[in-house]
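Visitor: okay, predicted coordinates and the sequence, questions at the end:
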Amino acid sequence: RVAHRLGVPVLSLDHQHFLVAYDLSILPLNLRTYALAMRRFVQAFNIRPQRMVVSAFYKPHLRRGYENVVQVGPLLRPAVRAMQPTRGLHVLSYLRRTTPPAVVEMLSSLGMPMRVYGLGARPKHGLLEFFPIDEHTFVENLASCDCVIAAAGNQLLGESLHFRKPFFALPEQKHYEQCINACFLHQLGGGDWVPVEHVSREDLLVFLNRREQYRQQLEQSPERFDGTDEAAAAIEGMLPT
């Protein structure tokens, strides 16, 4: 309010305004219903920006009246932008602490080495190695993995797709924003998803058998999953010359 009164331009830069600006009609009915409800909460905090910049790994059509919204990819950390991807033998997994133990057992039965974050340091379990959160080690393991099996946070999805890593998403069934992310992952052709409460070993094996198809689709995609420069340009465009 003070900025508007003083005539200072206002720019919003965030992720959650995708609920306001994006056409989410491709989503299943339950997720559209959630998005509509949450849209009202986001609108309640509207700061009436002269320019709205939305950061997300997906860029669907904009809703009518929001055609001037600037869509940019994920805002990547310097450590991610500086890392060159390679292709190793391991799978990178980031799991929430609420992940059912049965899912951990499924992962251990897939016959591929896995580096697991999010569950804390634990003794090695078969081919599963558990790591404490460490930004440098995590980025290295992400950039050098074969593929990713993980929760469906926007930032992790964006970083994984930036490295062109096939992704199998495991959102919690009632974590609707992550389910929305997982739907757009599928639409992009970068992977697939099943709610973590319902995933089976067969679902995971199907993904692993199809991961080369997902990899090829990602490598052929013209999409840049790095919106850092575009976001900076939008900010600089608001500055006085």
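Guide: Nice, I can see it. Residues are numbered from 1 along each chain as shown.

Visitor: which residue sits closest to Thr137, ignoring its sequence neighbours?
Guide: Distances taken as CB to CB, 6 or more residues apart in numbering put Phe131 closest to Thr137, at 6.4 Å, once the chain neighbours are dropped. (Each C-beta comes from the backbone N, C-alpha and C, glycine too.)

Visitor: tell me the phi and psi of Glu172?
Guide: As for Glu172, its main-chain torsions (degrees, to the nearest 10) stand at phi -70, psi 140.

Visitor: so what's it up against?
Guide: 96, 98, 151, 178, 195-197 (CB atoms under 8 Å, 6 or more residues apart in numbering).

Visitor: if we go to 7 Å?
Guide: 98, 178, 195-196 (CB atoms under 7 Å, 6 or more residues apart in numbering).

Visitor: of those, the lowest pLDDT goes to which?
Guide: Lowest-confidence member of the contacts of Glu172: Thr98, scoring 91 (pLDDT).

Visitor: excluding its backbone neighbours, what's nearest that residue?
Guide: Glu172 (6.9 Å).

Visitor: who does the strand or helix carrying Phe168 touch, helix- and strand-wise?
Guide: Phe168 is part of strand 167-169 when elements are defined by DSSP states H and E. In this structure, strand 167-169 makes packing contacts with strand 147-150, helix 154-162, helix 176-188, strand 191-193, judged by 3 or more CB pairs under 7 Å, 6 or more residues apart in numbering; DSSP states H and E.

Visitor: out of those, nearest to Val70?
Guide: Val70 sits nearest to helix 154-162 of all those, at 16.4 Å, using CB to CB.

Visitor: quick one, the closest one and helix 176-188 angle?
Guide: 20 degrees (axes from the mean of the first three to the mean of the last three CA atoms, to 10 degrees).

Visitor: and helix 154-162, which residues are buried?
Guide: Within helix 154-162, the residues scored as buried using 16 or more other CB atoms under 10 Å are 154-162.

Visitor: among the residues you listed, which pair sits farthest apart?
Guide: Largest separation among the buried residues of helix 154-162 by CB to CB: Asn154 and His162, giving 12.4 Å.

Visitor: rank the helices and strands of this protein by mean pLDDT and give me the bottom one.
Guide: helix 2-6 (a mean of 84; mean pLDDT, DSSP states H and E).

Visitor: show me what the top helix by length along the chain is packed against.
Guide: Assignment by DSSP state H gives helix 201-220 as the longest helix of the chain. With contacts taken as 3+ CB pairs under 7 Å, 6+ apart, helix 201-220 sits against strand 191-193.
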